[in-house]
Each structure stands twice: as structure tokens, then as C-alpha cells.
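# Sequence first, then the predicted structure:
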Amino acid sequence: MKYASVLVTTPTGNQKPAPYRQRPFPVPAGAMDLLLVRHGQSEAYQEGTQFPLTEGHGDPPLSALGLGQAREVCGRLAGAEIDAIYVSTLRRTAQTAAPLAARLGVTPRVEPGLREVYLGEWEGGLYRKMVAEMHPIAQRMFAEERWDVIPGAESLVSFDGRVRAAIVRLAAEHAGQRVAVFTHGGVIGQALALASGSRPFAFNTADNASISRLIVTADRWYVRSFNDTAHLDGAGAGGAAGSG
């Protein structure tokens, strides 16, 4: 197949081929620009002392380091022209979002669908111990990339469905807007897996207080960045891979 050449006329009347330069990604009209922020570091799990539970999910507060990370990431986002802030039902996300909400004068909204994956018998902090010790079930979980090898844990089908549904709801409500969602490592991993069509656990490595970015349209999601921690030079990056 032959294509017609496009010519441009110069001020002298000469013609030359039109230039086609590289350009930034054009955000589609009506798309939601979604910033997924993992909460700051939460308090350490002490063996034998379960975290408080909220609707069955471990609900520790931020550590001192995590509070510093919250200030750093919110300082980074303060000039990002954010239209809405969302948090999950777990307090570590609300604590992380608080400095930004105060600075912008925006009240965070709660999106239950973006709470962390349910870990069944390993809720309340036990997951951290089992992963640190590479318990045989933890090894199987990583090998098979399924949460529900943990007794009583949420299935990948359930988790996938609620994360997808929550993001679709936000996109319908915030067409053409930029939204910051303060959420969890498992949620971020699942959202990016959905957007990219990757393995289930391919993006389950987001650091505490990192920023990942998706562009969400009615029929397609675009991955724009993952695990941006440039703002954490002063507060430290970190956080175990996987749930949190």
C-alpha cells in the first residue's frame, strides 16, 4: 500500500516533508487520572499480639517512620491539582492522606472496595511473620500467585472483581479529573495487573508511600508509572512485598 506524502510550505514558498516529532502521551478526553498511593509504614507486628481488627482486617496505625513518609508523599502531591481524595476503610490509609487533605481543604471519601486483600487466618499481623519465615504456605502462595492458599483468605477472583468494580465506579464519577487514592500494596498490585494484563503478583512490590499512576477510560486502562518514591529521600522507602 502506498501513502501520500504530507508537504508543508515554508515562508519562502518552498515545500518540504512535514515533521512528525515524538510527543508526550495524550490523556484521552474524559479519562480519570488515578494516583494510587500506598500508605506509609505501619507499626511492627509483635508475635502473639494481634493488630486491632476492622471488619476482620488487621488495622494497625502508622509507625513514626510512616507518619514521616505521609508528610513526604503529601508534600509531593500538594501541587498535583488533585480533584478528590479517597481512602480505604483501614486507618493507615486515612493517616497517610491526612496531611494532603488538610493542605488542600478536601475531605477524603472512603471506598471500601479498595481495602487490602483479606488474609483469612493470617490476618492481624500474622502474615508478616509467615512471609518473613517463608512458611511453606507462603512459598506456595508466591509460587502460585494466589492469596487463597492461606486458609480462609480471599480468592483472586473476588479480589480482582472488587478492585476492578471500585476503580470503574471512581472513573464514572470523576471523568476528566485527577484522583488520589490512598490504599494498600495488594490493591495497587491488582490494579496494575488488571491494567497491564500481567501475572497476578507482578506488581506486588510497591513500597510504602510510593505513587503509581493509571489513566482510566471507559474501555481501557493505561499504566503510566509504578512505585515512584523520589519524594522519600528524607523519610526512607521500604515495605515488604505483597499485602499491607
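Thanks, I have it. Numbering: from 1, shown residues only.

# going forward, measure contacts between C-alpha atoms and count neighbours the same way
OK.

# Asn227 belongs to a strand, doesn't it?
Yes. Assigned with DSSP: H, G, I helix; E, B strand; the rest coil, Asn227 falls within a strand.

# from here on, count from 58
Renumbered: residue one is now 58, and that last one reads Asn284.

# wait, what's in contact with the nearest residue to Ala127 once chain neighbours are set aside?
With Cα to Cα, 6 or more residues apart in numbering as the criterion, Ala127 has its nearest non-adjacent residue at 4.6 Å, and that residue is Thr153. Thr153 is in contact with 96-97, 119, 123-124, 126-128, 131, 239, 266, counting by Cα atoms under 8 Å, 6 or more residues apart in numbering.

# quick one: which of those residues is nearest Ala250?
Among the contacts of Thr153, Phe239 lies closest to Ala250 (Cα to Cα), at 17.8 Å.

# For the longest helix anywhere in the chain, which residues meet the burial criterion?
Criterion DSSP state H: the longest helix present in the chain is helix 213-230. Of all the residues in helix 213-230, those buried under the rule 16 or more other Cα atoms under 10 Å are 216-217, 219-221, 224-225, 227-228.

# likewise stretch 128-143?
Neighbour counts over stretch 128-143 (16+ other Cα under 10 Å) mark 128-131, 133-134, 139, 141-143 as buried.

# Also stretch 162-175?
Buried residues in stretch 162-175, counting neighbours by 16+ other Cα under 10 Å, are found at 165, 167-168, 170-175.

# ok, now stretch 121-128?
Residues 122-128 are the ones in stretch 121-128 that count as buried (16+ other Cα under 10 Å).

# would you turn those residues into JSON lines with distance to Lys186?
As requested, the buried residues of stretch 121-128 are arranged in JSON lines below (distance: Cα to Cα, whole Å):
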{"residue": "Leu122", "distance to Lys186": "20"}
{"residue": "Gly123", "distance to Lys186": "20"}
{"residue": "Leu124", "distance to Lys186": "23"}
{"residue": "Gly125", "distance to Lys186": "25"}
{"residue": "Gln126", "distance to Lys186": "23"}
{"residue": "Ala127", "distance to Lys186": "25"}
{"residue": "Arg128", "distance to Lys186": "28"}
